[in-house]
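*Asks:* below are the sequence and a predicted model for it; my questions follow.
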Amino acid sequence: MDKRTLYIWLLLIASILISGIIISVFVKALKVVLMAILVLALAPVIFFILKRLLMPGSKSKTDKLKKRD
């Protein structure tokens, strides 16, 4: 093998490894961002569901406003 050919193969292998590392870091960052978006989107829904379940807030007849005559 010529020195130039060996240099080209080493550059090819290095570029494949570096691109693999960059893609894996990008995928991990994308998972973190997706998880944050899902948490922020679902938090209000879960809050209102828990609020309804834990504090039903059913009004009795004494809680209603009286009519004016």
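*Replies:* On my side now, so go ahead.
*Asks:* helix, strand, or coil at P56?
*Replies:* Counting by DSSP: H, G, I helix; E, B strand; the rest coil, the backbone at P56 sits in coil.
*Asks:* next one: the strand or helix carrying L42 to chain centre, how far?
*Replies:* Here L42 sits within helix 3-54, counting by DSSP states H and E. Put simply, helix 3-54 sits 10 Å off its chain's centre (CA atoms, centre = their mean, to the nearest Å).
*Asks:* and what of stretch 1-20?
*Replies:* Using CA atoms, centre = their mean, the offset of stretch 1-20 from its chain centre is 37 Å.
*Asks:* adjust the sequence numbering to begin at 3 for everything that follows.
*Replies:* Got it, first residue is 3 now, which makes that one stretch 3-22.
*Asks:* residues making contact with it?
*Replies:* Stretch 3-22 has contacts (CB atoms under 8 Å, 6 or more residues apart in numbering) with no other residue. C-beta coordinates here come from the backbone N, C-alpha and C atoms, glycine included.
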